[in-house]
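[1] sequence and predicted structure below; questions after.
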Amino acid sequence: MKAMPTLEGGLRIDAENVGDWTVLRAIVADAGAANGVDLASRLGALISEEAGAEDWEEYIVPDLREAFQDELAQVGANIESAIFEVDGGPGPLWISREDVFPWYSALNQARLSLEEIFHFGPGEDIDPTTLPPAKGAAYIRSRFYCAIQGLLLDHVMK
Amino acid sequence: MADTNTLTHTEEATSLDVPWNVVVHDDPVNLMGYVTFVLMKIFGYEKKKADILMMQVHRQGRSIVWTGEREKAEFYVQQLQSHQLKTSLEKAE
């Protein structure tokens, strides 16, 4: 897979084989995988009773949940659209400046979810071959998502 | 017929709004550059100030990024959570 900044200030990702598309598709699946407790609920749990946890759960958490799901749906649609691009099969995946926040959010949701499940911690020097297969694969995906986020942050968001 | 006296007693009570802290907590996922970016975007902080607060989060595990009236603090917490930063709200001491 290749990723490069575009002259228009966006990012272009070229998936080179089926495996690359599988990894890209995994963003959405990983984002929704966190042990049955979604990100909006986990964030809502940070609000204490004194600070109004009940109201937060009732009024804010549903809005957050909907926003996160909308962002995932947009990114999922972008990926599927690139896979089934007309005339000659899969085309490049374009992340424009206008689309950067849903993309960053989706990648972050995926990484937060994987962290919730596997507890990788902040370390960047884990050897994935020493991990159980599922955890090792999740670690590699998490590092890939992080690399794309770095590109978005450095070349598109700023 | 007895005289009736009406006694009016007025008490004035003033309660000051307690300030609330917006607290960002460390997590192993959010990139340092992203935390700085979000603090600049939401609060309009200069990069230097946002960097200092981000480093507090990173080194001390948390940082009070804003203090003030409750309604505004709630708004900021909502904004920060919508950017997926671990954020809480607490009464300022």
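    Sure, I can see it.
[2] going forward, measure contacts and count neighbours with C-alpha atoms only.
    Will do.
[3] close to chain B: what parts of chain A are there?
    A:43, A:46-48, A:50-51, A:60, A:64, A:67, A:105, A:108-109, A:111-112, A:115, A:121-122, A:153 (C-alpha under 8 Å from any C-alpha of the partner chain).
[4] what about residue B:66, helix or strand, and which?
    Under the criterion of DSSP states H and E, residue B:66 resides in strand B:62-68.
[5] and the contacts of that strand?
    The set of residues external to strand B:62-68 that reach it, using C-alpha atoms under 8 Å, 6 or more residues apart in numbering or on different chains, is B:19-26, B:53-54, B:56-57, B:73, B:92.
[6] would JSON lines of the residues you listed with neighbour count and pLDDT be doable?
    Converted to JSON lines, those look like this (neighbours: other C-alpha atoms under 10 Å in any protein chain shown; pLDDT from 0 to 100):
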{"residue": "B:19", "neighbour count": "15", "pLDDT": "97"}
{"residue": "B:20", "neighbour count": "22", "pLDDT": "97"}
{"residue": "B:21", "neighbour count": "23", "pLDDT": "98"}
{"residue": "B:22", "neighbour count": "25", "pLDDT": "98"}
{"residue": "B:23", "neighbour count": "23", "pLDDT": "98"}
{"residue": "B:24", "neighbour count": "27", "pLDDT": "98"}
{"residue": "B:25", "neighbour count": "18", "pLDDT": "98"}
{"residue": "B:26", "neighbour count": "22", "pLDDT": "96"}
{"residue": "B:53", "neighbour count": "20", "pLDDT": "98"}
{"residue": "B:54", "neighbour count": "28", "pLDDT": "98"}
{"residue": "B:56", "neighbour count": "18", "pLDDT": "98"}
{"residue": "B:57", "neighbour count": "21", "pLDDT": "98"}
{"residue": "B:73", "neighbour count": "21", "pLDDT": "98"}
{"residue": "B:92", "neighbour count": "12", "pLDDT": "95"}
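[7] among those, which lie within helices?
    Of the contacts of strand B:62-68, the ones assigned to helices by DSSP state H are B:53, B:54, B:56, B:57, B:73.
[8] buried ones in the lengthiest helix in chain A, by neighbour count?
    Assignment by DSSP H gives helix A:61-83 as the longest helix of chain A. Across helix A:61-83, burial judged by 16 or more other C-alpha atoms under 10 Å in any protein chain shown covers A:61, A:64, A:67-69, A:71-72, A:74-76, A:78-80, A:82-83.
[9] against residue A:20, how distant is the closest residue to chain A within chain B?
    Relative to chain A, the nearest point of chain B is residue B:28 (4.6 Å; C-alpha to the nearest C-alpha). Distance, residue B:28 to residue A:20, using C-alpha to C-alpha, to the nearest Å: 26 Å.
[10] got the residues of chain B near chain A?
    B:28-30, B:33-34, B:78, B:81-84, B:86-91.
[11] what residue ranges in chain A score low on pLDDT?
    A:35, A:86-89, A:123 (pLDDT under 70).
[12] quick check: most distant residue from the centroid of it.
    Within chain A, residue A:50 marks the point farthest from the mean C-alpha position, 32.6 Å out by C-alpha atoms, centre = their mean.
[13] give the contact list for the most centrally placed residue in chain A.
    For chain A, the residue nearest the mean C-alpha position is residue A:107 (1.7 Å; C-alpha atoms, centre = their mean). Contact partners of residue A:107, counting by C-alpha under 8 Å, 6+ apart, are A:27, A:31, A:145, A:146, A:149.
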